[in-house]
Structure formats: structure tokens, C-alpha cells
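>>> Here is my input, please return the structure:
(one chain, ligands or ions: 2)
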Amino acid sequence: MSEEIVVIEGDGIGQEVVPAAVSVLDAVADFQFVEAEAGDAVQAETGEALPQATYDTVADADATLFGAAGETAADVILPLREAVGSFVNIRPARAYPGVDAVRPETDLVFLRENTEGVYSGHEDRLSEDLSTLTRVVTTSASEQLAEFACEYVADRGESGFHVAHKANVMRETDGRFRDAVVDVAEREGVEAEEVLMDAFATRVCLNPGQFDVVVCPNLAGDVLSDLAAGLVGGLGLLPSANVGPDNALFEPVHGTAPDIAGEGAANPSAAILSAAMLLEHLGYDDEAADVRTAVESVLESGPRTPDLGGNAGTEDVTTAVLDRLD
Ligand code: ATP
Ligand code: MG
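Ligands and ions are numbered 1, 2, ... in the order given. Next up, the predicted model:
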């Protein structure tokens, strides 16, 4: 039986780039697509940004392709990550021939802890003057991330990864994170090279080629992967995956891009590359590689959307990718 893929376009350019990615998936595999709603539009209609039906469908599916949500982003994506039990956010950031990049040699993958750290939702207003945030780090979540990272580098035929942290200052929380990751790596025979996250920010700008797979706590992974997005030429190119034990959700790193939404000018590459990650996750490795090659070929020789200096539309780029796949 063919896998069931939930498709959530969401708001803004999600409604333009997700259909592009679905047409690419449809061209290379025999999936059953189930549309579901989430985001600002459904909130305005029903009062709920994430209907229970959408949550349940995502939790039961083989995988989900998600676009973007606007004002309601936190109300949508955080529970959806929970629906797939996602403990790791995979964020590749690589430069492509033909696309202007600050650092064309950039080819990184961030493996970001996806459930805790400062994003675990424990904030308090203690007085008129004082607010606090509780940073949550567990050995179990850190180990789960590290085990995934060990498998990930082994699959890629690499010997190790970097682990970014700030355990010299946050000795208890990042100390726990660092110790758990390093211990798992040692047990698995994988090299885990430590790097302080602030030093990483400088070093990756100066010489991204010295890094490959980077394992990070939640906030650090968010910020450092956005920094890497800047090195490779912008948001229109960056896919991501939220992976859980037996489910996953794939989404472009960019948001709803309200400034260009509705113009048919959004770059579909990030969404199509997210679809390639979905294919790979479900074991369609050849199809994933074909899609990546097709996107790379279009990025190199056009057509290009305005964010990459061209004047083509979303559909022109999608058609070009589909043509390369034939
Ligand atoms: P949101 O609050 O939904 O994240 P935003 O204003 O932060 O919206 P993003 O989608 O995060 O917008 O993107 C920031 C800018 O990057 C956009 O305004 C847009 O110009 C550009 N951008 C993002 N994604 C794309 C894309 N796929 N194609 C072209 N340009 C894009
Ligand atoms: Mg944004």
C-alpha cells in the first residue's frame, strides 16, 4: 500500500510552494496525499489554528509536508512537532553552484534538539520587574539526539560530528547535554568534537568548510542554522525535517513571506528540497537524489525566481524541475 502523506499548505507562500513540492513528489513516487488545514486562515474561520483533526491526521500519517503559518506559527508548529514525536530538527545548509552565496563552500547539516532547552515553554512573570525562564535539559533527550547523530554520520560515511554548546557557562544544563552527547558518541565509536557555540558562530563565518554535521541544543541550533542560511544565499533554499521515532514532518525553513505572498514569485526550492528529505526518510533514496539533482540543475542554469535575481515565477521553476525529472 502506498504511504499516506499529509499536506498542510498553511498561510502565505505556503500555499504556493507546497503544491509545487507535492507535484514533484507525485512525479517520482506513488503516495496518497491527504490535505489538512492549519494556520491563520483556519484560525480566522474556526477560532483554532490547529484543529484536532489536523493534529490526529498528522500523528497517524507516514509523513507530513508543511508550508508555513503566519501569526499562529507557534500555535501550529510546536504542537505539530509534538504530534510526530520529533526529537530532532534536521537543517541542512548548503550553497549551490549558480546561486550567490557569502560562503560558496558551505555544506553543513545542523541536528538540533527539538523538544527542550529554552523552548520548553517554562516562562514566568514573577513581579512587575522580573521574568524568568527555566531551561530544561534531560539526559534522555540529549542521548536520543546523540544516537540519531551517530547513525546519521554513519549513514553518510563520516567519522564524526561537532557538538556545539556553552557548557563552560551553563555548566549544569549544557554540561549535561555535552556529557550525554559525548558519552553516546564514545560508546558508538563516533568522534564528537566539542565547539563552544559562540566560537562556532565566528568560525563558521570565516571558514564553514571545517564543519560538517553539527549537533546543537534547541536555541543554539535555531540561531546558528539561520546564520548558516545567510552564508548560502537566503531562505528560499533551505529545507528542514522534524523527525520522531516513527513519524516525521518536513517544512521549508522560511515562513509565510507576507511581502511576496500571492504574487506567484516564491522560490519553491526549499519546499521541494524538503520533499526530497521526506523521500529519503521513507527510504526512496534514488528518488530523493533525483529530485536534488533536478533542483541543483535548475538553480545552476535557471529559470530563477526574483530572490535569486531572476524574474521567473514559482510555476516556471517547478515546471523546470519536473522537466529535469523526466
Ligand atoms: P514569518 O513571520 O511567516 O516567518 P517573515 O516576514 O519572517 O514571515 P519569512 O518567510 O521568514 O518572512 O522570510 C523572510 C523574507 O525572506 C521574506 O520576506 C522574503 O522576502 C524572503 N523569502 C523567504 N522565503 C522565500 C521564498 N521561498 N522565496 C522567495 N523569497 C523568500
Ligand atoms: Mg520569518
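>>> The most centrally placed residue in the chain: what secondary structure?
The centre of the chain sits closest to Ser240, judged by Cα atoms, centre = their mean, with a distance of 1.9 Å. Classification of Ser240 into helix, strand or coil gives strand, according to DSSP: H, G, I helix; E, B strand; the rest coil.
>>> That one and ligand 1, how far apart?
Between Ser240 and ligand 1 the computed distance is 13 Å (Cβ to the nearest ligand atom, to the nearest Å). C-beta: built from backbone N, CA, C; applies to glycine.
>>> for that residue, what are its contacts?
For Ser240, the contacting residues are Asn89, Ile90, Arg91, Pro92, Phe250, Glu251, Pro252, Val253, Ser274, Met277, by Cβ atoms under 8 Å, 6 or more residues apart in numbering.
>>> The same query, at a cut-off of 6 Å, please.
Neighbouring residues of Ser240 by Cβ atoms under 6 Å, 6 or more residues apart in numbering: Arg91, Glu251, Val253.
>>> where do the strands sit along the stretch 101-250 of the chain?
Secondary structure of the stretch 101-250 of the chain by DSSP state E, counting those that start in this stretch: the strands cover 107-113, 123-125, 131-133, 160-165, 191-196, 213-216, 239-243, 248-252.
>>> which other residues reach the host helix or strand of Phe33?
Phe33 is part of strand 32-35 when elements are defined by DSSP states H and E. Contacts of strand 32-35 with the rest of the structure, by Cβ under 6 Å, 6+ apart, involve Ser2, Glu4, Ile5, Val6, Val7.
>>> Pull the distance from the helix or strand following that strand to the chain's centre.
As assigned by DSSP H and E, the chain's next helix or strand after strand 32-35 is helix 40-46. Taking Cα atoms, centre = their mean, to the nearest Å, the mean C-alpha location of helix 40-46 is offset from the chain mean by 25 Å.
>>> now do stretch 77-97
For stretch 77-97, the distance between its averaged C-alpha position and the chain's averaged C-alpha position is 3 Å (Cα atoms, centre = their mean).
>>> Stretch 40-60 too?
Remark: stretch 40-60 is offset 21 Å from the chain centroid, using Cα atoms, centre = their mean.
>>> hmm, it touching ligand 1?
No. Judged by Cβ under 6 Å from any ligand atom, stretch 40-60 stays clear of ligand 1, getting no closer than 9.4 Å.
>>> Check whether Leu111 really touches Pro217, as I assumed.
No. Leu111 sits out of contact with Pro217 when judged by Cβ atoms under 6 Å, with a separation of 10.8 Å.
>>> which one of the two has more residues nearby?
Taking neighbours as other Cβ atoms under 10 Å, Leu111 and Pro217 compare with Pro217 leading, 30 against 24.
>>> Identify the residue nearest the more buried one in space, chain neighbours excluded?
By the measure of Cβ to Cβ, 6 or more residues apart in numbering, the closest residue to Pro217 outside its immediate chain neighbours is Gly117, 4.7 Å from it.
>>> residues contacting the residue of the stretch 201-326 of the chain found nearest ligand 1?
Ranked by Cβ to the nearest ligand atom, the top residue of the stretch 201-326 of the chain for proximity to ligand 1 is Gly255, at 2.0 Å. The contact partners of Gly255, by Cβ under 6 Å, 6+ apart, come to Ala68.
>>> One more pass at 7 Å, please.
For Gly255, the residues meeting the contact criterion (Cβ atoms under 7 Å, 6 or more residues apart in numbering) are Ala68, Ala73.
>>> which SSE is it in?
If you go by DSSP H and E, Gly255 is not part of any helix or strand.
>>> What distance do you get for it to Ala270?
11 Å (Cβ to Cβ, to the nearest Å).
>>> how many neighbours does Thr139 have?
The number of residues near Thr139, taken as other Cβ under 10 Å, comes to 13.
>>> Let the chain start at 19 from now.
Done: numbering now begins at 19, and the last item shifts to Thr157.
>>> out of the strands of the stretch 119-268 of the chain, which comes closest to Gly88?
In this view, the strands of the stretch 119-268 of the chain are compared for proximity to Gly88 by Cβ to Cβ, and strand 266-270 is the closest at 13.9 Å.
>>> Tell me, how many residues neighbour the closest residue to Gly331 other than its chain neighbours?
With Cβ to Cβ, 6+ apart as the measure, Gly282 is the residue that lies nearest to Gly331, at 4.6 Å, once sequence neighbours are left out. As a burial measure, Gly282 scores 14 neighbours (other Cβ under 10 Å).
>>> I'd assumed Glu34 was in contact with Gly282.
Yes. The pair Gly282 / Glu34 is scored as a contact, 6.3 Å apart, by Cβ atoms under 7 Å.
>>> overlap in contacts of the two?
Thr332.
>>> what's near enough to touch the residue nearest to Gly331?
Neighbours of Gly282 in contact, by Cβ under 7 Å, 6+ apart: Glu34, Gly331, Thr332, Glu333.
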